[in-house]
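Participant: Here is my input, please return the structure:
(one chain, ligands or ions: 4)
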Amino acid sequence: MNLKYITRDYEFELIKGKLDINITGVENDSRKIQKGNLFIAEKGFTVDGHDYIDKAIENGAAGVVVEKQVSIDEDITVIKVKNSIDALAKFSGIFHEEPWKNLQMIGITGTNGKTSITYFIKSILEENNKKVGIIGTIGAVIGDKNIKIDNTTPNALIIHDLLKKMADIETDTCIMEVSSHSLELKRVEYMDFQIGLFTNLTKDHLDYHETMEKYFNSKLKLFYKTDKANVINIDDDYGKKIVEIIGERVPLLTYGIREKSDIFASDIEFTLSKVRFNLNTPKGKINILLNVPGEFSVYNALAAAACAYAYEIPLEIIKKGLEAVEGIKGRFEVVPTNTDYTVIIDFAHTADGLDKVLTVIDQFAEGRKIVVFGAGGNRDKTKRPEMGETVGRHADLSIVTSDNPRYEDPEMIIEDVLVGTRKANGKYIKIVDRIEAIKYAIDNARPKDIILLAGKGHETYTLIKGKTYPCDERQIVLDYLHSKNN
Ligand SMILES: CC(=O)N[C@H]1[C@@H](OP(=O)(O)OP(=O)(O)OC[C@H]2O[C@@H](n3ccc(=O)[nH]c3=O)[C@H](O)[C@@H]2O)O[C@H](CO)[C@@H](O)[C@@H]1O[C@H](C)C(=O)N[C@@H](C)C(=O)N[C@H](CCC(=O)O)C(=O)O
Ligand SMILES: Nc1ncnc2c1ncn2[C@@H]1O[C@H](COP(=O)(O)OP(=O)(O)OP(=O)(O)O)[C@@H](O)[C@H]1O
Ligand SMILES: N[C@H](CCC[C@H](N)C(=O)O)C(=O)O
Ligand SMILES: [Mg+2]
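Facilitator: Ligands and ions are numbered 1, 2, ... in the order given. The predicted model follows:
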């Protein structure tokens, strides 16, 4: 594609070289540059891409985009922009032919529930004979391929590449988790969505956003990018705020259980593994039996149903789609232990998520509640004591351990969590090694107890000082039980 075409309608300064050149790809990583690519140098959180320009040229870059003054001797096109991340979003979008325009885009934002809702919507749309792609925490789904990605919402370049691949195989709809980081770091800057969906907002990621207000304002951006409908959880205080601010910019669909809303649940009945409720819409109501438990799952199902309602999908199909979801990896996943106690793996990694999941367990636990959990390193520190306190309030035994310590000292993270644990006054033990912590829980379990392994969900690894170690909790539990029985 011609560089003149890629840069049309965009403000930049031509520092040297010609604009009329052919570009074979847009890339922000010098290590991946191929002959004829346009290298976009951006300042990251760890290193500065401007320091890798020589490497990019050595690997065959035909042009370089910078946001800083740099001196480049080679005979090459160099253009300067105000903001490289913005240019990456714009240029890679054009290079990939703005693939979001050929897809029905659904963007989901909020602190908890995004991944779960994605899979509910996918199931409904597939029941409606649509071909669906996903970009989210568990990875990307394109056709029948699962692709591992490093972020919930990856950078613009990766998103556009994934969307192009979806569009190329005639995918109808892409359901995307749109994280607050992505909205702030311009990962979805030039994209539009048909539907924007809001789940809830509770404390997380304040290491990056600093205040709840800034965190909220980043989420808010999604609802200015939609053209078909905004779907909002009206029971959440921040959901109410979005409705106040955005109003009927596009058709608004609210969902909830407590406040008056367009799509709501009534007659809810819980068990430990399922929940039954009536789904009410302006076009009638239908009874739903979900194969995942808890009030939080009712919210997630309502969100998915509201989205389907916006596409005028009949209630019978919505019901079939929701009921076809047998479970979501690492979300309230019961490990098949065949023991007289229960082991559940869940991805709760915020105080709110833990509270929601433990509330479900509270309702049905006949024995003790043992919770193995920790907090991730290089992430929001303020949520740590709150997580400790929440678990301490619900659990009969808190086993405080490591999650992904990343570059932090695991002992120090645990100390932050324990500040809250001690406040709750419950029984606790600290075991730094997560595998040992899981074994301790199993060794001490009694009949009817419920062991909750919280925080890692679908993750099958642990991140320690830049290295990845295996940590598949279901396998750890089953292997340990096997070794104990032999
Ligand atoms: C803080 C953050 O968001 N970091 C993201 C960022 O990494 P970074 O800024 O450290 O990148 P860097 O290593 O400094 O590199 C800077 C530039 O130099 C280039 N480079 C680097 C080395 C080299 O040899 N050559 C070269 O050209 C890089 O390609 C890049 O363009 O860019 C990477 C590639 O796009 C991301 O994977 C990475 O996310 C990391 C893994 C991360 O943990 N991010 C979290 C905070 C995050 O974004 N989370 C949200 C929310 C999660 C949720 O709630 O679900 C998410 O959407 O994932
Ligand atoms: N609607 C909800 N409200 C509160 N907590 C929820 C809700 N749905 C799920 N949870 C809890 O939060 C955990 C994470 O859920 P899920 O993965 O769907 O959220 P997410 O928004 O995708 O998270 P992430 O930001 O990490 O991508 C679940 O394992 C469960 O414990
Ligand atoms: N999307 C969340 C996931 C947290 C998962 C937990 N296992 C951790 O590492 O803290 C984050 O990146 O903050
Ligand atoms: Mg997610």
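Participant: how about the residues of this structure that lie near ligand 1?
Facilitator: Contacts of the chain with ligand 1, taken as Cβ under 6 Å from any ligand atom, map to 28-31, 42, 44-47, 49, 52, 137, 150-155, 179, 181-182. Yep, even glycine has a C-beta here, placed from its N, CA and C like the rest.
Participant: Quick check, the residue in the stretch 151-300 of the chain closest to ligand 3?
Facilitator: T152 (5.5 Å; Cβ to the nearest ligand atom).
Participant: G139 is in contact with that residue, correct?
Facilitator: No. Here T152 lies out of contact with G139, judged by Cβ atoms under 8 Å, at a distance of 10.0 Å.
Participant: So for these two, which residue has more residues nearby?
Facilitator: T152 (19 against 16; other Cβ atoms under 10 Å).
Participant: Show the contacting residues for that one.
Facilitator: Counting by Cβ atoms under 8 Å, 6 or more residues apart in numbering, T152 makes contact with 114-115, 136-137, 177, 179, 182.
Participant: From F277, how far off is the residue of the stretch 151-300 of the chain closest to ligand 3?
Facilitator: Going from T152 to F277 by Cβ to Cβ, to the nearest Å gives 28 Å.
Participant: Just the buried residues of the residues of the chain next to ligand 1.
Facilitator: Among these, those classed as buried by 16 or more other Cβ atoms under 10 Å are 28, 30, 42, 49, 52, 137, 151-155, 179, 182.
Participant: Please narrow the residues you listed to those residing in helices.
Facilitator: Residues of those located in helices (DSSP state H): S182.
Participant: Looking at the buried ones among the residues of the chain next to ligand 1, which is nearest L201?
Facilitator: S179 (12.5 Å; Cβ to Cβ).
Participant: Now the closest one, what are its backbone angles?
Facilitator: Here is the backbone geometry of S179 (degrees, to the nearest 10): phi -70, psi 160.
Participant: For ligand 3, tell me whether stretch 407-425 is touching it.
Facilitator: No. Using Cβ under 6 Å from any ligand atom, stretch 407-425 stays clear of ligand 3, coming no nearer than 9.7 Å.
Participant: near ligand 2 too, which of the buried ones among the residues of the chain next to ligand 1?
Facilitator: Okay, of these touching ligand 2 (Cβ under 6 Å from any ligand atom), that's 137, 152.
Participant: Let me have the buried ones among the residues of the chain next to ligand 1 in JSON lines, extended by distance to I245.
Facilitator: Shown next, in JSON lines, are these (distance: Cβ to Cβ, whole Å):
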{"residue": "N28", "distance to I245": "33"}
{"residue": "S30", "distance to I245": "41"}
{"residue": "E42", "distance to I245": "31"}
{"residue": "G49", "distance to I245": "35"}
{"residue": "Y52", "distance to I245": "41"}
{"residue": "T137", "distance to I245": "27"}
{"residue": "N151", "distance to I245": "27"}
{"residue": "T152", "distance to I245": "24"}
{"residue": "T153", "distance to I245": "22"}
{"residue": "P154", "distance to I245": "28"}
{"residue": "N155", "distance to I245": "28"}
{"residue": "S179", "distance to I245": "20"}
{"residue": "S182", "distance to I245": "20"}
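Participant: So which of the residues of the chain next to ligand 1 reach ligand 4?
Facilitator: Applying Cβ under 5 Å from the ion to these, one finds that T137 fall near ligand 4.
Participant: Could you work out the most separated pair of the buried ones among the residues of the chain next to ligand 1?
Facilitator: Y52 and T137 (28.5 Å).
Participant: What separation do you get for F364 and S273?
Facilitator: In terms of Cβ to Cβ, F364 sits 9 Å off from S273.
Participant: The two: which is more packed in?
Facilitator: S273 (17 against 13).
Participant: Could you find the closest non-adjacent residue to that one?
Facilitator: Closest residue in space to S273, ignoring its immediate chain neighbours: P293 at 5.6 Å, by Cβ to Cβ, 6 or more residues apart in numbering.
Participant: Could you do K381 as well?
Facilitator: K381 sits nearest to D416 (Cβ to Cβ, 6+ apart), 6.0 Å away.
Participant: And for D362?
Facilitator: In space, D362 is closest to H394, 6.2 Å off (Cβ to Cβ, 6+ apart).
Participant: Can you tell me the number of residues neighbouring that neighbour?
Facilitator: Neighbours of H394 using other Cβ under 10 Å come to 21.
Participant: quick one: least confident helix or strand in the protein?
Facilitator: helix 206-209 (a mean of 92; mean pLDDT, DSSP states H and E).
Participant: Any stretches of the stretch 301-450 of the chain with poor pLDDT?
Facilitator: Of all residues in the stretch 301-450 of the chain, none has pLDDT under 70.
Participant: Point me to the residue of it nearest ligand 4.
Facilitator: Using Cβ to the ion, the single residue of the stretch 301-450 of the chain nearest to ligand 4 is F347, 7.8 Å away.
Participant: Now that that residue has come up, it's in contact with L453, right?
Facilitator: No. Shown here, F347 and L453 do not form a contact pair, counting by Cβ under 8 Å, at 10.2 Å.
Participant: So which of those two has more stuff around it?
Facilitator: A direct count of neighbours by other Cβ under 10 Å for F347 and L453 places L453 higher, at 27 against 24.
Participant: Show me how the record splits this protein into domains.
Facilitator: 3-95, 100-324, 333-484 (automatic domain parsing).
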